[in-house]
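Chemist: Model the following, please.
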Amino acid sequence: MGSRLVQPAWYQGERRPLGYLCQIRLAEGHRLPPRAARRAWETLGATRRWDEAPFDLTSITLDSRAARRLLEHGLPGQPRYHPIGDYRVHALATGRPLPAPQGITLGEADEAAWRELLEWREARRRRAALALAGPAEGRVLRLVARRRGRLLAGLAVLDATPWRQLVVRGYGGRLARLRPALNLMRALTGTPRLPRVGEPLRCGQVVDLVHAPGEQPAALALIRHAASRAAALGLDLLLVGHAERDPLGAWLRHSLPGRHYRTRLYAAAWSPLAAADLAALGEGDLDLELSAL
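Modeler: From the prediction side, this is the model:
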């Protein structure tokens, strides 16, 4: 099976539709004959429109080594997969209150503040080599950080449960034995609990995250505050995603408690001409919402 979605994006400062290849799966223990593989890729490629960006985006978790090797090597009829950067996702426990930094107030956004933040988001997307927003609906919380009334940062929490459910299917060896003890320690470490096998998890996602220049600490405090508020919304986890080379990423990697995983982002070029346009993606800013990946 395989899917190709088309979403609004900003490519080199212009609003363009962007294809996203996802759910590419092959049944375990099976191989697709070359003719069938070529036909499958041709069917996906035939959905492209003239006004779309000259490539499709996709992401593959770093520990899916076999899939990455296969797709990087290339299958018959497949677009050429060009790595453009890595993406990190942090999973935060909800419901753990943390104090705000001195001098910073955290609270819900009023309409005036939210309009200003959306203008910041639009300006950042236009500056990025590639920006991709997620769904317009599903936001259950909008938060801002201020210092003496001045706006420093803002974000929204999106409830992704309607289209993305997480269910643990099993634990291996030592982790299965240690799970009860690790869950007892989670209050001290700030890591999410390890759920029972078969238990669904409701996940919120941080979207519309933006901050004023030099105000990374305010953005970090706001993410922590969002995690503490998310439990009251019935969310088990809060997910925060960012491109590895995002300047805010270094703050998040060193300061956020919890667990994380990494994926590799690829630009899938359907023609040699499209491949020539990809150099800027490997060096420019990538502003990609987790909810769109």
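Chemist: next structured bit after the longest strand along the chain?
Modeler: Assignment by DSSP state E gives strand 80-93 as the longest strand of the chain. The element immediately downstream of strand 80-93 (helix or strand, assigned by DSSP states H and E) is strand 105-108.
Chemist: What strands flank that following strand, and is each parallel or antiparallel?
Modeler: Its sheet considered, strand 105-108 pairs with strand 139-147 (antiparallel) by DSSP bridges.
Chemist: Tell me how far the partner strand lies from the chain's centre.
Modeler: 19 Å (C-alpha atoms, centre = their mean, to the nearest Å).
Chemist: just to revisit the earlier point, just the C-alpha atoms of the longest strand of the chain, please, in CSV.
Modeler: Coordinates of the C-alpha atoms in strand 80-93 are reproduced here as CSV (Å, rounded to 0.1, in the frame of the first residue of the first chain):
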residue,chain,number,x,y,z
ARG,A,80,14.9,9.6,-6.4
TYR,A,81,15.0,10.0,-2.6
HIS,A,82,17.3,12.9,-1.6
PRO,A,83,18.0,13.3,2.2
ILE,A,84,17.5,16.9,3.2
GLY,A,85,17.8,16.8,7.0
ASP,A,86,16.8,15.0,10.2
TYR,A,87,13.7,15.7,12.3
ARG,A,88,13.4,15.1,16.1
VAL,A,89,10.2,14.4,18.0
HIS,A,90,10.1,14.8,21.8
ALA,A,91,7.4,13.0,23.8
LEU,A,92,6.6,14.8,27.0
ALA,A,93,4.6,13.6,30.0
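Chemist: For it, list every residue counted as buried.
Modeler: Buried residues in strand 80-93, counted by 16 or more other C-beta atoms under 10 Å: 80-82, 84-93. (Each C-beta comes from the backbone N, C-alpha and C, glycine too.)
Chemist: Likewise for stretch 146-163?
Modeler: 146-147, 151-161.
Chemist: and these as JSON lines, adding distance to W114, secondary structure and pLDDT?
Modeler: Converted to JSON lines, the buried residues of stretch 146-163 look like this (distance: C-beta to C-beta, whole Å; DSSP: H, G, I helix; E, B strand; the rest coil; pLDDT from 0 to 100):
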{"residue": "R146", "distance to W114": "13", "secondary structure": "strand", "pLDDT": "95"}
{"residue": "R147", "distance to W114": "18", "secondary structure": "strand", "pLDDT": "93"}
{"residue": "L151", "distance to W114": "10", "secondary structure": "strand", "pLDDT": "95"}
{"residue": "L152", "distance to W114": "14", "secondary structure": "strand", "pLDDT": "95"}
{"residue": "A153", "distance to W114": "12", "secondary structure": "strand", "pLDDT": "96"}
{"residue": "G154", "distance to W114": "7", "secondary structure": "strand", "pLDDT": "96"}
{"residue": "L155", "distance to W114": "11", "secondary structure": "strand", "pLDDT": "97"}
{"residue": "A156", "distance to W114": "9", "secondary structure": "strand", "pLDDT": "96"}
{"residue": "V157", "distance to W114": "13", "secondary structure": "strand", "pLDDT": "96"}
{"residue": "L158", "distance to W114": "14", "secondary structure": "strand", "pLDDT": "95"}
{"residue": "D159", "distance to W114": "18", "secondary structure": "strand", "pLDDT": "93"}
{"residue": "A160", "distance to W114": "20", "secondary structure": "coil", "pLDDT": "85"}
{"residue": "T161", "distance to W114": "23", "secondary structure": "coil", "pLDDT": "85"}
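Chemist: if we can go back for a sec, tell me which other helices or strands the longest strand of the chain touches.
Modeler: helix 65-73, helix 216-230, strand 237-243, helix 247-255, strand 259-269, strand 286-288 (3 or more C-beta pairs under 8 Å, 6 or more residues apart in numbering; DSSP states H and E).
Chemist: who's L130 bridged to?
Modeler: Applying DSSP bridges, one finds that L130 bridges with Y11, L286.
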